[in-house]
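1. Okay, sequence plus prediction incoming.
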Amino acid sequence: MATLPNDRSSAVAQQRQSILPPGADLMVLVALLAGFAALYVPSYMMLAERIWPTDEQGHGPIILAVSIWLLYGKRHELAALQRRPSMALGLPLLLVGLVMYVLGRSQFIMVFEVFSQILVLAAMVLMFLGKRALRTVWFPLFFLLFMVPLPGSLVASITGPLKSAVSAVAAGLLYQLGYPVGRAGVVMTVGPYQLLVADACAGLNSMFTLEALGLLYMNLMRYTNVVRNVLLAILIIPISFAANIVRVMILVLVTYHLGDEAGQGFIHGFAGMVLFIVGLMLMLATDSVLRLMFREKAAKP
């Protein structure tokens, strides 16, 4: 006896495969995207020219791409919600976002200009769909915070102590291993070579990137224990610090054994890859320990 296919299941599968949800107003969607692009494409171009090429903010394009991917993945879930627009919350939030954008754009304050996009997107969700829709897309909007460039004064105040701490720990460990390593501030001496621990080696960039990856990992795994998630997010900070110490030690060892040209060449860039590999391995190991402690399983995606 032949079994007829379930019409409802077929409809759901077709809906998930479609680019736009059924019933979506294409004209309104195009108008909103065009208006948003008119505001922020110039901002993205400025970021691409001045901010993203730097070591400290090189993760910006990845954050933007992941946020767009996460928002795109929520399209059918948003379409299934009952529309309850909240103008009382959306309009004031939109006004604040536009004022912050104008102020940041006119006064060259990139923090205001980039941060305003989060407020504008949240306001549009509230005005067209409502508060429940905003709760649905809160993580993609929150994730955009990691592409907001930090103020230079804040970066300088954090980078200095981080460089000193990284160089001190790395020099101490190498000295205990028997290498002729000395340190004066952020300048490390190994044999006949001197190495300056630069801002990129301070760990601030890796700290932000690994923190973003950790939050994305928790979101994709759908962990629900708040205490566990907060604890893992906090532990990513020392994890990134430890990974950066490994990076500096690798550069010092390569310079000592192979010379200054090797330490400043391809190996220097490869050490950055090693940093993230070590950081991700430590993060996954920490997650496994926390999973045993809290006895929590990841929800099925």
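-> Yep, it's here. Numbers count the residues shown, from 1 in each chain.
2. and the nearest residue to L94 once chain neighbours are set aside, how far is that from P42?
-> Nearest residue to L94 in three dimensions, chain neighbours excluded: A123, at 3.6 Å (C-beta to C-beta, 6 or more residues apart in numbering). For every residue, glycine as well, the C-beta is placed using N, CA and C. Distance, A123 to P42, using C-beta to C-beta, to the nearest Å: 20 Å.
3. Neighbour count: those two, which is higher?
-> Legend: neighbour count by other C-beta atoms under 10 Å for A123 and P42, higher for A123 (23 against 12).
4. ok, and that one, which helix or strand is that part of?
-> helix 110-128 (DSSP states H and E).
5. Now do the same for the helix or strand just after that helix: mean pLDDT, whole number.
-> Scanning forward in sequence from helix 110-128 by DSSP H and E, the next helix or strand is helix 131-136. Predicted confidence along helix 131-136 averages 93 (mean pLDDT).
6. Hmm, the residue nearest to L94 is touching S86, no?
-> No. Checked against C-beta atoms under 8 Å, the pair A123 and S86 is beyond contact range at 9.7 Å.
7. Can you name the residues that contact the closest residue to L119 other than its chain neighbours?
-> Distances taken as C-beta to C-beta, 6+ apart put G97 closest to L119, at 3.2 Å, once the chain neighbours are dropped. G97 makes contacts with 116-120, 122-123, as judged by C-beta atoms under 8 Å, 6 or more residues apart in numbering.
8. Dump those residues into CSV; add pLDDT as well.
-> Converted to CSV, the contacts of G97 look like this (pLDDT from 0 to 100):
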residue, pLDDT
S116, 95
Q117, 95
I118, 95
L119, 96
V120, 95
A122, 95
A123, 95
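9. Name the helix or strand for the residue nearest to L119, please.
-> Element membership for G97 (DSSP H and E) is helix 87-107.
10. wait, M218 sits on L231?
-> No. Applying C-beta under 8 Å, one finds M218 not in contact with L231, separated by 10.8 Å.
11. quick one, strands of this protein?
-> Ranges of strands in the chain, per DSSP state E, are 181-184, 187-190, 193-196.
12. What strands flank the second one, and is each parallel or antiparallel?
-> Sheet neighbours of strand 187-190, with direction, are listed as strand 181-184 (antiparallel), strand 193-196 (antiparallel) (DSSP bridges).
13. Any idea which of those has the lowest pLDDT on average?
-> strand 193-196 - the lowest mean pLDDT of the strands paired with strand 187-190, at a mean of 77.
14. list the buried ones in that strand?
-> Residues L195 are the ones in strand 193-196 that count as buried (16 or more other C-beta atoms under 10 Å).
15. which residues make contact with that strand from outside it?
-> So strand 193-196 is in contact with 186-189, 251-252, 255-256, 260, 263, going by C-beta under 8 Å, 6+ apart.
16. hang on, isn't I236 packed against L210?
-> Yes. Between I236 and L210 there is a contact at 5.4 Å, judged by C-beta under 8 Å.
17. overlap in contacts of these two?
-> Counting by C-beta under 8 Å, 6+ apart, the shared contacts of I236 and L210 are M283.
18. quick one, which of M218 and L231 is more surrounded?
-> M218 (20 against 15).
19. Next up, the contacts around the more buried one.
-> Residues near M218 by C-beta under 8 Å, 6+ apart: 229, 232-233.
20. What separation is there between the residue lying closest to L280 once chain neighbours are set aside and L232?
-> Excluding its sequence neighbours, the residue lying closest to L280 (C-beta to C-beta, 6+ apart) is L213, at 7.1 Å. Applying C-beta to C-beta, the value for L213 to L232 is 11 Å.
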